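Peer 1: Take this sequence and fold it.
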Amino acid sequence: MPYLGEVCAVATAMCWTVSSLSFGIASRAVGGIATNQFRLWAALPVLALLVWWSSGEVWPTQAPMERIVLLALSGLAGLVLGDIGYFHALATIGPRLSSVVMATWPAMAAGIAALQGDLPNGWMVLGIALSMLGVALVLMRSREGSAWSPNLSPRQWWLGIGGALLGALGQAGGVVLARQGMAETADLPAGVSPLPATLVRMATGAVALQLLAIVQRRPLAMLVVLRHRTAFAGAMVGMVFGPVLGVWLSMTATHLAPLGIAATLMASSPLFMMPVARIAYGARVGWLGFVGTLVAVGGAALLLLTR
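Peer 2: You can find the predicted model right below:
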């Protein structure tokens with residue numbers, strides 16, 4: 001089928017839109033830590049079955065230990081540090097505003113790469129500037145989070161923005177480390193396949209978040225999701241459309257389509273979130289929020305296409 005990779009990339013963005021809204025509903029009901037913990041443990045066996053079905057093994061046994069370490073660090077950055085911030089943002093400022101702020105992750109990834117000596121070119125600098133400008137335009141609309149959390153204080157609002165920025169930073173660090181862990185090299189010509197790499201990241205994130213919950217004396221925090229009907233429904237829908245369908249479609253997209261085009265299309269979820277947020281919880285976007293979202297996504301697209 002022509003353009004199957006591009007179709008899968010757009011479908012990935014739509015899946016991530018549904019999962020963000022669903023996890024946001026669950027996080028608002030029972031908290032981000034419980035929702036994230038439940039999501040990881042629920043998705044882990046499903047993802048393991050997908051890996052076994054596609055490769056015949058449930059763990060990348062052929063990968064050198066240094067690659068496993070890089071992928072594990074990627075899971076810590078993206079699925080623990082990043083998602084703690086992102087799930088807090090979902091619960092406080094809502095899925096739409098969180099998704100727009102998260103669109104800064106390609107700019108942060110470019111910054112991390114620059115610290116490693118891979119300096120951005122002129123087009124990438126323009127993409128970073130557009131991303132920052134777009135997010136700033138959206139943040140100028142102070143009522144963005146009012147439909148999601150009507151009684152949100154300014155402090156809570158800024159903490160939510162900080163959580164989304166932490167999520168973007170975790171996503172950026174996770175992507176950089178994951179690319180290094182999956183890379184094709186002379187000693188590993190085929191690299192590490194994306195789906196087994198995702199399983200390593202997911203397993204590391206689940207274990208690390210479980211340890212964090214034990215330290216907080218909440219080892220079974222995720223059980224509250226099972227006892228809350230709305231949270232359970234949201235978490236299950238989010239798990240299906242996020243770690244399962246979203247991951248599967250994203251792996252297919254990056255395999256069949258040029259990487260820059262696939263990544264750009266997958267980063268378009270804030271555009272899909274605008275009508276979804278309007279229908280689901282009455283978010284009032286307005287022309288400034290609309291333009292800001294377009295500029296932020298355009299900047300991210302420029303960054304992803306020029307890398």
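
Peer 1: any weak-confidence spans in this structure?
Peer 2: In the prediction, the chain carries residues with pLDDT under 70 at positions 1, 141-146, 259, 307.

Peer 1: Now do the buried residues in the helix ranked longest in it.
Peer 2: The residue-count maximum for a helix in the chain (DSSP state H) belongs to helix 154-182. With burial defined by 16 or more other C-beta atoms under 10 Å, the residues of helix 154-182 counted as buried are 157, 159-182. Using the backbone N, CA and C atoms, a C-beta is placed for each residue, glycine as well.

Peer 1: now stretch 286-306
Peer 2: Buried residues in stretch 286-306, counted by 16+ other C-beta under 10 Å: 289, 292-306.

Peer 1: how many other residues sit next to Met251?
Peer 2: For Met251, the neighbour count with other C-beta atoms under 10 Å is 19.

Peer 1: Hmm, it is touching Pro196, no?
Peer 2: No - if you go by C-beta atoms under 8 Å, Met251 and Pro196 don't touch, sitting 10.1 Å apart.

Peer 1: Quick check: the gap between Trp126 and Ile214.
Peer 2: For residue 126 the amino acid is Leu, not Trp. 46 Å (C-beta to C-beta, to the nearest Å).

Peer 1: Between those two, which has more neighbouring residues?
Peer 2: Leu126 (15 against 12).

Peer 1: For that one, give me its contacts.
Peer 2: 299, 302 (C-beta atoms under 8 Å, 6 or more residues apart in numbering).

Peer 1: Over to Leu73?
Peer 2: Counted by C-beta under 8 Å, 6+ apart, Leu73 has contacts Leu177.

Peer 1: in what helix or strand does it lie?
Peer 2: Here Leu73, judged by DSSP states H and E, is contained in helix 65-75.

Peer 1: can you state the direction angle for the following helix or strand past that helix and helix 154-182?
Peer 2: Per DSSP H and E, the first helix or strand lying C-terminal to helix 65-75 is helix 83-92. Helix 83-92 runs at 140 degrees relative to helix 154-182, counting by axes from the mean of the first three to the mean of the last three C-alpha atoms, to 10 degrees.
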